[in-house]
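Peer 1: Below are the sequence and a predicted model; questions follow.
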Amino acid sequence: MSDTQIYPSDVAFTPAVKAIQARKGSREAYAQAERRGWRTEIDENLAAFLANTNSFYFATASADGQPYIQHRGGPKGFIKILDASTIAFADFNGNRQYITQGNLSENPKAYIFVMDYAHRRRVKLWGEARVVDDDPALTQSLMPKDYRARPEQVILFKISAWDTNCPQHIPQKFDAADVAAALAARDARIAELEAELAALKGQPQPAASS
């Protein structure tokens, strides 16, 4: 963050943003929110959220401000917490365009947007990122176990501020694997109940009382 920033949220609420908030009537509410403070360190809630994340969007910009967003995915837990304000992940081999890496080589500012569609939650993280492509030990330590992908490098992300959003307008969606597991559990329970019913039907009926 620059020296002119007072609150962690100033990373997003620039003077231009605050001017528009004032003009449209939301500045007072956000002024109260910024005094309460956006978080700058990873707490238990964020750690649990990231541990259950298998997909997010990673935004960077070139030196002249041209933005770029790239999807990053992996098995749950592929985002690792290194310390109270640093996360990291193995960057898997992809289409080899290297737009993100090129942007970070000249502009370290970056942004991570994580969406949890199933629970209609989203987390926003502002910070700075850098690519580490000359540390095989670090790369291997961040590689998810038994995941069939080739790690090419590591991306380290230092959090400047993070915040959550309300669930408004988030469509509820579920991962195919979670749906399959839920259906399998349902089918197993149906089979169990059908077996119990069949057993009960096969039992002799109690004699009627006289």
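Peer 2: Everything's here; your move. Residues are numbered from 1 along each chain as shown.

Peer 1: So which residues make contact with the one helix or strand residue 102 maps to?
Peer 2: Using DSSP states H and E, residue 102 maps to helix 99-106. Applying C-beta atoms under 8 Å, 6 or more residues apart in numbering, the external contacts of helix 99-106 come out as 58, 60-63, 68, 70, 110, 129-131, 153, 155. Backbone N, C-alpha and C define where each C-beta goes, glycine included.

Peer 1: Residue 185: which of these is nearest?
Peer 2: residue 58 (33.7 Å; C-beta to C-beta).

Peer 1: Before we go further, that closest one is sitting in a strand, right?
Peer 2: Yes - secondary structure of residue 58 (DSSP: H, G, I helix; E, B strand; the rest coil): part of a strand.

Peer 1: From residue 137, how far out is it?
Peer 2: 23 Å (C-beta to C-beta, to the nearest Å).

Peer 1: Neighbour count: these two, which is higher?
Peer 2: residue 58 (22 against 7; other C-beta atoms under 10 Å).

Peer 1: residues in contact with that one?
Peer 2: 69-72, 100, 110-112, 129, 155.

Peer 1: about what we covered before: rounded mean pLDDT for the helix holding residue 102, please.
Peer 2: Helix 99-106 carries an average pLDDT of 97.

Peer 1: next SSE after it?
Peer 2: Heading C-terminal from helix 99-106 (DSSP H and E), you reach strand 109-116.

Peer 1: Run me through the strand neighbours of that next one, direction for each.
Peer 2: strand 55-61 (antiparallel), strand 121-132 (antiparallel) (DSSP bridges).

Peer 1: Mind giving me the PyMOL select for the contacts of residue 58, buried ones only?
Peer 2: In PyMOL, this line selects whichever of the contacts of residue 58 come out buried by 16 or more other C-beta atoms under 10 Å:
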select buried, resi 70+72+100+110+111+112+129+155
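
Peer 1: closest to residue 29 among the contacts of residue 58?
Peer 2: residue 111 (22.8 Å).

Peer 1: do you know how far the closest one is from residue 72?
Peer 2: 12 Å.

Peer 1: what do you get for residue 124?
Peer 2: 15 Å.

Peer 1: Equivalent analysis for residue 151, please.
Peer 2: Taken as C-beta to C-beta, the span from residue 151 to residue 72 is 12 Å.

Peer 1: joint contacts of those two?
Peer 2: Contacts common to residue 151 and residue 72, judged by C-beta under 8 Å, 6+ apart, are residue 91.

Peer 1: which stretch among the strands paired with strand 109-116 comes nearest residue 26?
Peer 2: Once the strands paired with strand 109-116 are compared by C-beta to C-beta, strand 121-132 is nearest, at 16.9 Å.
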